[in-house]
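# 3D, please:
(one chain, ligands or ions: 1)
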Amino acid sequence: MQTGVSVPILSYMKQLESQGVTDIEQLSDYLYQHYLNQVEQGLYSSNKYTLSGSNVQASVVSSNGNTTECILWCINHYLGLNRNQTVIDKVCKAVQEYGTGSGTSALSGGMSILHKQVELKLQRLMGKETVQLFPTGFTANLGCLSALPGKKDLIIFDRECHASIIDGVKLSGKKWVTFKHNNLHDLEQKLSKYKSEYQNIFVVVESAYSMSGDLAPLQGIVALKQKYKFLVYVDEAHTFGIYGENGAGYCSHLGIVEEIDFIAATLSKATASIGGFVATKSKYIPLLQWRANTYIFQACLTPGDAAAILASLEEIENNPYLIKLLHDKNQYMRHCLTNLGFDLGTSQSPIIPIFIPDVEKLQAFNKELFARGIFSVSVVYPAVKAHEGRIRFILSVAHSIEQIDTTVSVLHELALKYGVIKQELVAA
Ligand SMILES: Cc1ncc(COP(=O)(O)O)c(C=O)c1O
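Now for the predicted structure:
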């Protein structure tokens with residue numbers, strides 16, 4: 001384990017704890033010093049903020065008191081709808097009419113007609129009997145997964161699942177095991193090992209993984225379901241709005257909506273607002289509404305948020321070219337990078353990771369990238385396995401081809417400088 005200033009805070013924290021530093025005062029003193037060193041060296045990414053809001057077309061980013069004009073590669077507004085004038089106008093109108101906050105949770109009277117319209121629109125789009133709206137995608141997973149499993153049930157989830165899934169599973173207090181990322185063989189082994197021991201098994205996956213951009217083998221999982229009889233929960237956070245007809249998601253794109261018991265998603269990414277939902281059978285409404293504390297005890301999203309979701313869904317419906325253009329740009333950027341010899345792992349979705357196994361090199365590379373006006377976030381251990389560190393590029397339809405070309409060209413130059421790619425390859 002490296003101990004230099006470039007070691008990310010979380011890795012350093014784990015290292016200290018493993019060395020027996022558990023007193024919170026002492027731990028905080030060590031961490032604070034490390035944090036100050038990282039800030040001084042320009043290695044601490046959380047102290048960056050945009051002066052212009054999330055705008056991939058023109059963003060000014062503040063870091064350590066300096067400002068830099070940047071191409072933004074770290075936000076999840078895949079369709080650029082956060083800057084769509086029609087969406088903005090509808091949100092302004094809704095705020096004039098319905099005010100700002102919701103004031104309380106859905107169960108205590110915080111739902112407005114706008115929230116109901118969101119649920120009904122999503123229900124039709126997803127082709128499920130009901131949609132339950134939550135204040136965020138995180139708390140949708142946290143609430144649903146803590147509420148759904150029964151006393152004698154087992155939860156099996158992919159090892160790369162998001163923290164909201166892991167926390168929800170743990171909060172349920174039920175038994176759980178993981179299976180190797182996207183590995184159907186390992187999943188089948190676990191199913192066959194445990195099927196007779198538990199009343200129900202829940203298999204939980206993401207349709208596209210946020211750190212790797214990998215798509216899940218959902219058809220294979222559905223095929224296993226015929227044999228082992230389990231319930232499937234799919235988090236479509238990174239595919240809702242950008243796959244399937246009218247953005248209904250990856251399950252819809254694959255034609256397997258019927259076979260998926262619970263489809264969850266967040267509304268903070270493609271639909272450029274905030275909120276989360278689960279689409280499922282009506283019979284689960286009481287469990288979701290009365291056993292999910294994030295539904296019962298958390299204030300609803302604001303009327304403006306609800307209006308942004310409705311307006312974004314309408315934009316997606318009225319402009320089908322948006323989704324196509326995003327996937328065309330995804331192919332284009334991937335083609336440029338792989339031709340130059342970059343390692344993009346097994347990613348396919350508009351999340352494009354560039355793998356740089358050496359942490360020191362990764363941090364230095366990303367620091368220089370930022371200085372050159374390219375703002376992206378590095379993902380390192382323990383968020384991913386050691387030696388699987390990466391810089392993550394989240395593509396939006398709002399990125400121009402010129403911005404993609406500029407980014408690829410700077411990446412190429414730095415990759416040669418840092419030895420991230422071995423030799424210059426000739427683009428096909
Ligand atoms: C897979 C996945 N699920 C859930 C969430 C939580 O969504 P939100 O940030 O909208 O609460 C995220 C956020 O990044 C995510 O990547």
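# Now the terminal residues of stretch 257-271, how far apart.
20 Å (CA to CA, to the nearest Å).
# for it, what is the average pLDDT?
The pLDDT scores in stretch 257-271 average 98.
# buried residues in it?
Buried positions in stretch 257-271, judged by neighbour count with 16 or more other CB atoms under 10 Å: 257, 259-271. C-beta coordinates here come from the backbone N, C-alpha and C atoms, glycine included.
# Quick check: the farthest pair among those?
For the buried residues of stretch 257-271, the maximum inter-member distance is 26.6 Å, found between 259 and 268 (CB to CB).
# what about the closest residue to residue 163 other than its chain neighbours, how many neighbours?
Using CB to CB, 6 or more residues apart in numbering and skipping the chain neighbours, the partner closest in space to residue 163 is residue 138 (7.8 Å). Number of residues near residue 138 (other CB atoms under 10 Å) recorded here: 20.
# Need the pLDDT of residue 138.
98.
# A helix includes it, no?
Yes: Residue 138: assigned to a helix according to DSSP: H, G, I helix; E, B strand; the rest coil.
# residues contacting it?
Taking CB atoms under 8 Å, 6 or more residues apart in numbering as the criterion, residue 138 is in contact with 163-164, 266, 276.
# Equivalent analysis for residue 71, please.
Residue 71 touches 56, 59, 373-375, 399, 403, 406-407, counting by CB under 8 Å, 6+ apart.
# quick one: which of those has the most company?
residue 56 (24 neighbours).
# Which of the three states applies to that residue?
Secondary structure, three-state DSSP: residue 56 is coil.
# Against residue 326, how distant is it?
Using CB to CB, to the nearest Å, residue 56 is found at 12 Å from residue 326.
# what touches both of these two?
In contact with both residue 56 and residue 326: residue 396, using CB under 8 Å, 6+ apart.
# Residue 105: neighbouring residues, count only.
Counted with other CB under 10 Å, residue 105 comes out at 18.
# so who does it touch?
295-300.
# Recalculate using a threshold of 10 Å.
111, 135, 293-300 (CB atoms under 10 Å, 6 or more residues apart in numbering).
# between the residues you listed, which has the most around it?
When neighbours are counted by other CB under 10 Å, residue 300 leads those with 26 neighbours.
# correct me, but that one touches residue 294?
No: contact between residue 300 and residue 294 fails when scored by CB atoms under 10 Å: they sit 11.3 Å apart.
# So for these two, which residues contact both of them?
105, 134-135.
# tell me which of these is nearest to residue 186?
The closest of those to residue 186 turns out to be residue 134 (CB to CB; 30.4 Å).
# what's the spacing between that closest one and residue 289?
Counting by CB to CB, the gap from residue 134 to residue 289 is 11 Å.
# And residue 203, by the same measure?
Distance from residue 203 to residue 289, by CB to CB: 24 Å.
# Who has more neighbours out of these two?
A direct count of neighbours by other CB under 10 Å for residue 203 and residue 289 places residue 203 higher, at 23 against 15.
# Over to the more buried one. Which of the three states is it?
strand.
# I'd say it and residue 232 touch.
Yes: with contact defined as CB under 10 Å, residue 203 reaches residue 232; the gap is 5.2 Å.
# Common neighbours of these two, please.
Residues touching both residue 203 and residue 232 (CB under 10 Å, 6+ apart) are 221, 224-225, 261.
# Identify, from the residues you listed, the entry nearest to residue 305.
residue 261 (27.0 Å).
# For that closest one, list the residues it contacts.
Residue 261 sits next to 128, 148, 202-203, 225, 230-234, 279-281, 284 when contact means CB under 10 Å, 6+ apart.
# and what of residue 48?
Contacts of residue 48 (CB under 10 Å, 6+ apart): 42, 61-64, 68, 70, 74, 370, 375, 377.
# Farthest pair within the residues you listed?
Farthest-apart pair in the contacts of residue 48 is 64 and 74; separation 17.5 Å (CB to CB).
# Looking at those two, which is more packed in?
Using other CB under 10 Å as the criterion, residue 64 and residue 74 rank with residue 74 on top: 19 against 11.
# wait, doesn't that one sit right on residue 45?
Yes: Residue 74 is in contact with residue 45 according to CB under 10 Å; the separation is 8.8 Å.
# Find residues that contact each of these two.
Here residue 74 and residue 45 have 375-377 as joint contacts, going by CB under 10 Å, 6+ apart.
# the strands in the stretch 51-200 of the chain, which residues?
59-63, 66-72, 130-134, 154-158, 175-179 (DSSP state E, counting those that start in this stretch).
# should've said the stretch 251-400 of the chain
Here the stretch 251-400 of the chain has its strands, by DSSP E, counting those that start in this stretch, at 262-266, 276-280, 351-355, 374-375, 377-379, 390-394.
# what's near enough to touch whichever residue of the chain sits closest to the ligand?
Nearest residue of the chain to the ligand (CB to the nearest ligand atom) works out as residue 137 at 2.7 Å. By CB under 10 Å, 6+ apart, the contact list for residue 137 reads 162, 164, 235-237, 240, 264-269, 274-277.
# Bridge partners for residue 131, pull those for me.
residue 279 (DSSP bridges).
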